[in-house]
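> sharing a sequence plus its predicted fold:
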Amino acid sequence: MTIIVNGGAGSLPDIFARPLAEKLHAALGQPVVVDNRPGAGGMVALQHLKDSDGSGHTLAIVTNAHAVWSPYVFPKLTYDPAVDLKPVSPVAVLPMALTVNPQLPVSNLAELLALARREPGVLNYASSGNGSPPHVLFEVLREQAGVDIVHVPFKTGPDALTATVAGDTQVYWAGTALVEPLVKSGRLKLLAVSPHVDSPTFADVPTLQQEGFAGFESAVWLGVVTHRDTPDAVVARLNQVIGEAVADPAFVATMAAQGSIPYHDSAQGFAARIAAERAEWGPVLERLGIRPN
């Protein structure tokens with residue numbers, strides 16, 4: 001079996017794919033390979049899934065960016081999420097952390113926004129690419145706050161992270177699982193999270209909702225999809241195995257240590273959530289006018 005990941009080694013999807021691959025291998029008795037295919041807002045990875053057969057032996061890790069947002073961002077999208085992706089199971093809700101380079105002279109979100117208002121167009125923020133969760137959600141925040149902070153897209157999350165730690169970019173909004181080691185070591189400064197997580201690194205940090213910004217509390221999730229022709233019985237079996245993996249105490253502990261929240265539902269429930277979010281987010285993304293580089 002193969003799990004395709006839109007991201008390099010160490011990226012946020014990769015962090016989830018590798019323990020999940022181990023669980024699938026143990027449950028199904030088959031080798032499970034993680035295939036990293038970053039680039040083009042997920043099109044490289046999901047085109048590869050689209051070109052696979054419908055046996056259920058090829059899976060892909062997606063976020064809501066790939067399954068919901070991409071049609072509103074990429075005019076020449078090479079796959080249709082509503083047609084080519086068959087939902088298998090959600091895996092986790094991904095709390096997001098708003099971080100800055102420690103040299104930036106701000107201690108909280110209010111100070112960051114005040115600085116942005118005093119110096120419009122001077123500050124910048126990194127993302128893992130146009131249409132990615134860090135990009136879309138920061139644009140929603142930027143619109144709500146009425147500030148001008150320049151977007152700097154990178155190919156992968158680790159690239160964006162490295163740039164922010166180095167000071168080449170100043171702000172990065174990413175999954176808590178990705179930034180947690182750098183926050184603990186002091187190489188990134190933490191300003192806000194969404195939603196609240198119990199991990200010691202993030203427990204005392206205000207949420208965006210507490211700071212007066214709405215729509216972020218469960219905005220980012222990660223899940224598994226497969227080829228559209230995969231039989232329902234195979235999808236049901238995969239859903240069962242993933243559900244058992246997500247409920248495993250060791251997996252729960254790993255996710256909790258990174259501030260992520262395990263999340264499982266039936267394949268049908270997962271599909272219904274995706275459809276509902278397409279209807280909800282379409283007008284937002286049309287208004288923001290996010291497009292590829």
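Great, that's in hand. Residues are numbered from 1 along each chain as shown.
> drop to CA atoms for contacts and neighbour counts, all remaining ones
Noted.
> in the helix or strand containing Val252, which residues are buried?
Per DSSP states H and E, Val252 falls inside helix 249-257. Neighbour-count burial for helix 249-257, counted by 16 or more other Cα atoms under 10 Å, picks out 251-252, 255-257.
> tell me the strands beside the following helix or strand past it, with direction?
Using DSSP H and E, the helix or strand that directly follows helix 249-257 along the chain is strand 261-262. With DSSP bridges as the test, strand 261-262 is paired with strand 85-93 (antiparallel).
> the next helix or strand after the strand it pairs with pairs with which strands, parallel or anti?
For strand 85-93, the succeeding helix or strand toward the C-terminus, using DSSP H and E, is strand 96-100. Partners of strand 96-100 in the sheet, by DSSP bridges, are strand 171-175 (antiparallel), strand 189-194 (antiparallel).
> which of those is buried the deepest?
strand 171-175 (a mean of 29; mean count of other Cα atoms under 10 Å).
> contacts for that one next, please.
Here strand 171-175 makes contact (Cα atoms under 8 Å, 6 or more residues apart in numbering) with 12, 94-101, 124-127, 133-134, 138, 157, 160-161, 164.
> averaged pLDDT, that strand. What do you get?
Averaged across strand 171-175, pLDDT comes to 92.
> any idea how far that strand is from the chain center?
Here strand 171-175 is found 10 Å from its chain centre; the criterion is Cα atoms, centre = their mean, to the nearest Å.
> residues of whichever helix or strand comes after that strand that come out buried?
Sequence order places helix 176-184 as the next helix or strand after strand 171-175, per DSSP H and E. Neighbour counts over helix 176-184 (16+ other Cα under 10 Å) mark 176-180, 183 as buried.
> okay, strands next: where are they in the chain?
Secondary structure of the chain (DSSP state E): strands located at 2-5, 33-36, 58-63, 85-93, 96-100, 124-127, 150-153, 171-175, 189-194, 221-227, 261-262.
> among the ones you listed, which is nearest Ala45?
strand 2-5 (6.2 Å; Cα to Cα).
> which residues touch that closest one?
Applying Cα under 8 Å, 6+ apart, the contact partners of strand 2-5 are 13-14, 17, 21, 32-38, 45-46, 49, 57-62.
> repeat for stretch 59-67
The contact list for stretch 59-67 (Cα under 8 Å, 6+ apart) reads 1-6, 13, 17, 41-42, 45-46, 49, 81-82, 85, 131-133, 220-227, 274.
> 6 Å - rerun?
Contacts to stretch 59-67, defined as Cα atoms under 6 Å, 6 or more residues apart in numbering, come from residues 3-5, 81, 132-133, 221-226.
> now the angle from the lowest-mean-pLDDT helix or strand in the chain to helix 176-184?
Within the chain, no helix or strand scores below helix 249-257, which has a mean of 83 by mean pLDDT, DSSP states H and E. Helix 249-257 and helix 176-184 are oriented at 60 degrees to each other (axes from the mean of the first three to the mean of the last three Cα atoms, to 10 degrees).
> run the chain-centre distance for helix 249-257.
On Cα atoms, centre = their mean, the centre of helix 249-257 falls 18 Å from that of its chain.
> can you check stretch 173-181 too?
The chain centroid and the centroid of stretch 173-181 are separated by 10 Å under Cα atoms, centre = their mean.
> so where is the protein shaky, pLDDT-wise?
Applying pLDDT under 70 to the chain flags the ranges 258, 293.
> most distant residue from the centre of it?
For the chain, the largest distance from the centre (Cα atoms, centre = their mean) belongs to Arg118, which lies 30.8 Å off.
> residue contacts, that one?
The contact partners of Arg118, taken as Cα under 6 Å, 6+ apart, number zero.
> any idea how far it lies from Glu286?
With distances taken as Cα to Cα, to the nearest Å, Arg118 is found 28 Å from Glu286.
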